[in-house]
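>>> need a 3D model of the following:
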Amino acid sequence: MTQVKHPPRQWFAFIGAWLVGSIGLCEVRSSDWAQYRGPNHDGSSSEILRTNWNVQPPKVVWKKAIEPGWSSVTISGGRVFTQVNRPILGSEREVCVALNADTGAELWAANLDLADYPDAGTGTNDGPRSTPSVDGDRVYILTSYLRLYCLRADTGAVVWMRNFLTEFPGTSVIAWQNAASPLVVGDLIFLNSNVANERLMAVRKSDGKTVWKGQNDTMTHATPAYATIAGTPQVLFLTSRGLVGMTPESGSVLWRYSFSPSGTSTAATPIAANDYVYASCAYSLGAWTARVSRNGDLFSVGQTDYKRNNAYQNHWATPVHHDGHLYGIVENGLRSFTCFSLKGRTNRWITQSVGGANPGYASLIKVGGKLLVLTERGRLVLVEPNPEAYTEIANYQALRGHAWNHPAFSNGRIYARTSAEIVALDVAAALPPLPLLTLAATLLPSSLQLRLEVSAPDGTQLDTSTVERIELLASPAMRETPNWTLLNATFTPTGGKLLTDLPLPADEAAQYLRVRERPPLP
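Sure thing, here's the model as predicted:
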């Protein structure tokens with residue numbers, strides 16, 4: 001223990017080794033899933049999930065009934081957002097709901113639009129298809145009938161709204177209505193408004209004003225994608241005329257790949273990986289792959305390939321990319337799970353058994369390098385992304401009802417829903433123990449601040465991941481059971497150590513300091 005004197009102020013700091021790892025392991029709490037395709041716009045999360053489900057099944061944090069809807073879920077700021085078909089005053093309405101991410105309790109519900117699906121749809125299970133996008137304290141939603149909303153994330157109050165049907169007379173809604181989600185990147189929201197001659201559009205997220213618009217590409221049900229192709233960031237739209245890559249800032253067309261997808265169901269988001277682009281539709285009209293290259297300011301599309309075969313096409317579930325391969329659900333027979341080589345333009349393998357049964361209209365994401373499949377019957381299946389063979393790790397029956405909704409992953413939890421239920425499952429991977437840590441204190445020349453230094457005697461380099469796991473406490477006396485108080489201190493990684501400056505107390509009371517690992521979250 002080192003005593004630091006500066007009368008009348010004095011603090012004491014433990015300098016001996018403190019085994020913070022003995023407090024217990026923390027859980028991974030790192031990222032939100034704020035948009036339809038997740039934090040990276042590609043259906044993936046870098047978080048690590050626990051895979052020993054056969055020994056320790058996923059822990060149900062909460063599960064509850066939910067009204068119908070094909071909207072998926074997004075998670076941000078401790079809230080879960082989705083859309084449902086809810087009766088209000090005798091009328092069926094599209095409603096955005098916000099739930100507490102820890103309890104599932106409904107926080108608010110925003111009545112947005114008419115819930116009317118006249119094109120046969122899916123019977124009594126039918127509901128809104130679009131997924132809310134969250135950015136900071138705002139939620140953005142494009143309804144089935146082309147109303148674009150900006151809501152407050154804490155209350156659901158409308159900040160601004162645009163109704164493209166009334167704003168632009170003559171604008172039409174496609175059959176089976178809109179299913180695309182708004183894509184938020186930076187200060188802009190990208191969408192296909194389906195307004196004649198200016199369908200592809202970017203609006204300012206702060207006030208909804210149009211920043212650019214153009215093209216006459218009739219919308220499909222596919223959400224636009226944001227990707228970097230040939231070293232250039234761009235927005236990809238899958239339209240009735242094929243694929244188009246556009247400059248996010250101005251809307252200028254960089255390249256086009258023209259083809260005619262299905263007018264009934266083209267709902268999978270286009271995929272961009274290693275300068276390859278992939279798009280698919282349903283009803284035997286196939287899938288398209290091409291290579292986009294750049295020479296100076298000019299882009300070109302080559303190495304095109306078209307597979308008019310059910311074994312290569314997705315209905316509405318978007319595949320995920322891993323090491324040059326796309327893993328997804330195709331319409332081969334009773335639906336199948338497949339590994340498709342972007343370079344070879346062929347399926348490496350195909351299976352009709354996922355989790356011990358046919359996957360149906362399943363969907364999937366990638367978490368920590370593992371594939372997480374949600375089958376149509378509500379079973380979650382962990383799969384190793386192996387191009388040589390289908391390699392199942394574990395599976396768990398999570399939900400009842402039809403699961404045509406993509407799952408999401410946030411802060412160690414799987415969030416998934418069906419037409420009838422929604423669930424939060426804890427599958428957080430335990431972090432490895434922290435090394436022994438020492439806390440040292442130095443009085444700064446100003447004599448008004450104390451510099452604290454946390455280091456590892458074994459030479460372990462401490463970084464931001466350590467900062468997220470530790471906390472600083474103070475006590476006025478070293479009794480048998482000290483009364484420790486949590487201090488508001490922010491450590492900065494510097495040279496493999498953690499540093500923070502702490503103001504000296506205003507009174508003469510002595511203080512003892514300690515650093516420890518944060519207790520596990522409840």
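
>>> does Ala317 touch Leu326 like I think?
No: Ala317 is not in contact with Leu326 according to Cβ atoms under 8 Å; the separation is 11.5 Å. For glycine as for every other residue, the C-beta is placed from the backbone atoms N, C-alpha and C.

>>> give the contact list for the nearest residue to Asp116 once chain neighbours are set aside.
Closest residue to Asp116 apart from its sequence neighbours, by Cβ to Cβ, 6 or more residues apart in numbering: Glu92 at 7.1 Å. Listed by Cβ atoms under 8 Å, 6 or more residues apart in numbering, the contact set of Glu92 reads 85-86, 114-116.

>>> out of those residues, which is most surrounded?
Highest neighbour count within these, by other Cβ atoms under 10 Å: Ala115, with 26 neighbours.

>>> so that one makes contact with Ile88?
No: judged on Cβ under 8 Å, Ala115 makes no contact with Ile88 at a distance of 9.4 Å.

>>> could you measure from the nearest residue to Pro57 once chain neighbours are set aside over to Ile329?
Closest residue to Pro57 apart from its sequence neighbours, by Cβ to Cβ, 6+ apart: Tyr396 at 5.6 Å. From Tyr396 across to Ile329, the span is 18 Å (Cβ to Cβ, to the nearest Å).

>>> also Ala424?
Distance of Ala424 to Ile329, computed by Cβ to Cβ: 24 Å.

>>> what do you get for Leu114?
From Leu114 to Ile329 the distance is 31 Å (Cβ to Cβ).

>>> also Leu285?
Taken as Cβ to Cβ, the span from Leu285 to Ile329 is 16 Å.

>>> equivalent analysis for Glu198, please.
Counting by Cβ to Cβ, the gap from Glu198 to Ile329 is 34 Å.

>>> of those two, who's got more company?
Ile329 (27 against 16).

>>> so who does the more buried one touch?
Ile329 sits in contact with 314-315, 317, 319, 335-338, 359, 361-364, where contact means Cβ under 8 Å, 6+ apart.

>>> now Glu388
Contact analysis of Glu388 by Cβ under 8 Å, 6+ apart lists 348-349.

>>> checking it next. Helix, strand or coil?
Here Glu388 is recorded as coil under DSSP: H, G, I helix; E, B strand; the rest coil.

>>> which residues touch Ala311?
Taking Cβ under 8 Å, 6+ apart, we find Ala311 in contact with 330-332, 336, 338, 347, 350.

>>> among these, which lie within strands?
330, 336, 338, 347, 350 (DSSP state E).

>>> could you pull out the strands for the stretch 351-500 of the chain?
Counting by DSSP state E, counting those that start in this stretch, the stretch 351-500 of the chain has strands at residues 363-367, 370-374, 379-384, 391-397, 408-410, 413-417, 421-426, 437-443, 449-455, 470-475, 485-486, 492-494, 497-503.

>>> ignore what I typed, I meant the stretch 51-200 of the chain.
59-65, 74-76, 79-88, 91-100, 106-114, 133-135, 138-142, 147-152, 158-163, 183-185, 188-192, 200-204.

>>> in CSV: the ones in strands among the contacts of Ala311, plus neighbour count, pLDDT and distance to Arg152.
Output for the ones in strands among the contacts of Ala311, formatted as CSV (neighbours: other Cβ atoms under 10 Å; pLDDT from 0 to 100; distance: Cβ to Cβ, whole Å):
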residue, neighbour count, pLDDT, distance to Arg152
Val330, 25, 94, 40
Ser336, 23, 95, 43
Thr338, 22, 96, 42
Asn347, 19, 95, 46
Ile350, 16, 96, 46
